[in-house]
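Novice: Provided below are the primary sequence and the corresponding predicted coordinates.
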Amino acid sequence: MWQTIVNAFRDKDIRKKILITFGLLLVFRIGCYIPLPGLDVAELQAASASDTNDLISVMNLISGGSLQNGTLFALGVLPYINSFIIMQLLTLIIPPLDRLSKSGEEGRKKITQITRYVAIGLGIVQAIGICVTYRQYVDTVWGTPWVSYIVIVLLLTAGSTFVMWLSERITEYGIGNGSSLIIFTGIIATFGSSLIRAFNTVSDNTTNIWNIIGYLLVVVALFAFIVFIDGAERRVRVNYAKQVKGNKMYGGQSTVIPIKVNGSGVMPIIFASSFLMFPSIIVSFFEGTEFANFWNRYIGMGTAVYYVFLFLFIIFFAYFYAQIQFNPMDVARNLQQYGGTIQGVRPGKPTSEYLAKINNKLTFFGALFLAFIAIIPTFAFNALGQDIGMSSAFSATGMLIVVSVALELDKQLESQIMMKHYKGFLK
């Protein structure tokens, strides 16, 4: 990976994309330190340090600590992700949207525009939820709390819209997926600051150093496990028949179709977490009521019911995303067109059914891996990080995001470097 980064910086165009990405991410991090007017930030930070609200912890992790500090980018890219999920699901359900998605570049632009509008609407709803959750920290700067509420909602929505714009610019002019890189940056920033605070507790209690070492060992072990599974794949061998065209013979060689165990990457976990997080934000509007207390106790984040739904939604989104990324019918059609066959399988529909069967099995194991990563190690992090203030600093989900984004970024840099070499060869 380090060699790939060195090679990328040697190329002028790729180096320009990397610098643009760093610049836009720097703008995002600067916005994470701009306080919102009308919020008592000092009291909010003091309360957040001892807050055990799982919803706030997850949102704070994704936003890079912005929510805890009551800053302009407290919502981060979360509304945009939720909007993207909703539009993907609606495209499968609503025929006009499905036709629009298949109508070429113009149709995709219209869907992207609708996604932006939905993201702004969700940003307003989530901003109101934050105001309700943190209402005791709202100052009456303008004489009445309602003015403060309106200003905070408008600024949070504007900040979320600006982060959405940054993510699109990173995708267009930089390297990699902008939304993933923004979440990646927020998680790394949160973990770094939490680790520094954890080492500061060693002076008060020297036994905390063993908790820190145990915490870091679990992190390293999970990193290794995630990287191992991320590289696992099933290779389906394809043989191409010999074809005589004119005086030349084509084909007669073998290749493989690589089908990854975790082809969906981290997206099913992001989709499932975001999808389950949204109802909790709506319930926060009614905090203190019997319904809200019932929800938080039996259904909300951190409960047994929540983890069951998280498991089921991860399985669902893993299959959903796998169907988008790998289409067995298209692969079988291309193989038949170019004279490729899988040994022991007839071309056409039997080939597509065979590939679909393999893909479904691998997707199931990949989904189980994602569910394991999202749920089981969380308890280990909570046990080891409780005394050192790092129980919510890192999560297995955050680790999977970090590893997946880093590996995907490495692949994208390699592909861009390879394309530059091809262009130079063709010239």
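Specialist: Perfect, I can see it now.

Novice: Only C-alpha atoms from now on, for both contacts and neighbour counts.
Specialist: OK.

Novice: what mean pLDDT does the helix ranked longest in the chain have?
Specialist: If you go by DSSP state H, the chain has its longest helix at helix 349-385. Mean per-residue pLDDT for helix 349-385: 80.

Novice: name the helices or strands packed onto that helix?
Specialist: helix 208-231, strand 254-260, helix 267-283, helix 304-325, helix 328-337, helix 396-426 (3 or more C-alpha pairs under 8 Å, 6 or more residues apart in numbering; DSSP states H and E).

Novice: same thing but at 6 Å, please
Specialist: Where contact means 3 or more C-alpha pairs under 6 Å, 6 or more residues apart in numbering; DSSP states H and E, helix 349-385 is packed against helix 304-325, helix 328-337, helix 396-426.

Novice: Hmm, Val236 is touching Val256, no?
Specialist: Yes: in this structure, Val236 is within contact of Val256 by C-alpha atoms under 6 Å, at 5.2 Å.

Novice: Where does Lys110 sit, in terms of helix or strand?
Specialist: When elements are defined using DSSP states H and E, Lys110 is found to belong to helix 105-133.

Novice: Need the helices and strands packed on helix 349-385 in JSON lines (columns: mean pLDDT).
Specialist: Shown next, in JSON lines, are the helices and strands packed on helix 349-385 (pLDDT from 0 to 100):
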{"stretch": "helix 304-325", "mean pLDDT": "83"}
{"stretch": "helix 328-337", "mean pLDDT": "81"}
{"stretch": "helix 396-426", "mean pLDDT": "69"}
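
Novice: what would those helices look like in TSV with mean neighbour count?
Specialist: Formatted as TSV, these follow (neighbours: other C-alpha atoms under 10 Å):
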stretch	mean neighbour count
helix 304-325	18
helix 328-337	16
helix 396-426	17
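
Novice: May I see those helices arranged in TSV, with distance to Ile358 as well?
Specialist: Output for the helices and strands packed on helix 349-385, formatted as TSV (distance: least, C-alpha to C-alpha, whole Å):
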stretch	distance to Ile358
helix 304-325	12
helix 328-337	10
helix 396-426	23
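
Novice: For Asn205, which of the ones you listed is the nearest?
Specialist: Closest approach to Asn205 among the helices and strands packed on helix 349-385 is made by helix 396-426 (26.5 Å; C-alpha to C-alpha).

Novice: which residues of this protein score low on pLDDT?
Specialist: For the chain, residues meeting the criterion pLDDT under 70 lie at 1-4, 8, 45-62, 64, 140-143, 242-252, 285, 377-378, 380-398, 420-427.

Novice: one more time with 90
Specialist: 1-19, 21-22, 25, 28-115, 122-123, 125-153, 168, 170-427 (pLDDT under 90).

Novice: ok, the residue most central in space within it to Leu370 distance?
Specialist: Per C-alpha atoms, centre = their mean, the C-alpha nearest to the average position across the chain is that of Ile270, at 4.6 Å. Using C-alpha to C-alpha, to the nearest Å, one gets 11 Å for the distance from Ile270 to Leu370.

Novice: again with Ser66
Specialist: Shown here: Ser66 relative to Leu370, a distance of 27 Å by C-alpha to C-alpha.

Novice: Also Pro145?
Specialist: 43 Å.

Novice: Could you check which of those two has the larger neighbour count?
Specialist: Per other C-alpha atoms under 10 Å, whichever of Pro145 and Leu370 has more neighbours is Leu370, with 26 against 15.

Novice: for the more buried one, what are its contacts?
Specialist: By C-alpha atoms under 6 Å, 6 or more residues apart in numbering, the contact set of Leu370 is empty.

Novice: For the helix or strand Val153 falls within, name the packing helices and strands.
Specialist: According to DSSP H and E, Val153 maps onto helix 145-173. Judged by 3+ C-alpha pairs under 6 Å, 6+ apart, the packing partners of helix 145-173 are helix 105-133, helix 178-200.

Novice: And it, what's buried?
Specialist: Within helix 145-173, the residues that count as buried by 16 or more other C-alpha atoms under 10 Å are 148-149, 151-167, 169-171.

Novice: Equivalent analysis for stretch 13-26, please.
Specialist: Ile14, Arg15, Lys16, Lys17, Ile18, Ile20, Thr21, Leu24, Leu25.

Novice: Need those residues in a markdown table (columns: secondary structure and distance to Val41).
Specialist: Shown next, in a markdown table, are the buried residues of stretch 13-26 (DSSP: H, G, I helix; E, B strand; the rest coil; distance: C-alpha to C-alpha, whole Å):
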| residue | secondary structure | distance to Val41 |
| --- | --- | --- |
| Ile14 | helix | 40 |
| Arg15 | helix | 38 |
| Lys16 | helix | 37 |
| Lys17 | helix | 36 |
| Ile18 | helix | 34 |
| Ile20 | helix | 31 |
| Thr21 | helix | 30 |
| Leu24 | helix | 26 |
| Leu25 | helix | 24 |
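
Novice: Turn those residues into a markdown table, columns for distance to Phe223.
Specialist: Formatted as a markdown table, the buried residues of stretch 13-26 follow (distance: C-alpha to C-alpha, whole Å):
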| residue | distance to Phe223 |
| --- | --- |
| Ile14 | 28 |
| Arg15 | 28 |
| Lys16 | 30 |
| Lys17 | 28 |
| Ile18 | 25 |
| Ile20 | 28 |
| Thr21 | 25 |
| Leu24 | 27 |
| Leu25 | 24 |
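
Novice: Of these, just say which sits nearest to Met399.
Specialist: Taking C-alpha to C-alpha as the measure, Met399 sits nearest to Leu25 out of these, at 19.3 Å.

Novice: Nearest spatial neighbour of that closest one, chain-adjacent residues omitted?
Specialist: Ile182 (6.8 Å; C-alpha to C-alpha, 6 or more residues apart in numbering).

Novice: can you count the residues close to the one you found?
Specialist: Ile182 is flanked by 24 other residues according to other C-alpha under 10 Å.

Novice: gap between the nearest residue to Gln336 once chain neighbours are set aside and Ile282?
Specialist: Leaving out its chain neighbours, the residue that sits closest to Gln336 by C-alpha to C-alpha, 6+ apart is Pro347, at 6.0 Å. According to C-alpha to C-alpha, Pro347 and Ile282 sit 51 Å apart.

Novice: Assign Asn239 to helix, strand or coil.
Specialist: Under the three-state scheme (DSSP: H, G, I helix; E, B strand; the rest coil), Asn239 adopts strand.

Novice: where's the residue nearest to it when sequence neighbours are not counted relative to Arg234, distance?
Specialist: Excluding the flanking residues, the one nearest Asn239 by C-alpha to C-alpha, 6+ apart is Ser254, at 4.4 Å. For Ser254, the distance to Arg234 equals 16 Å [C-alpha to C-alpha].
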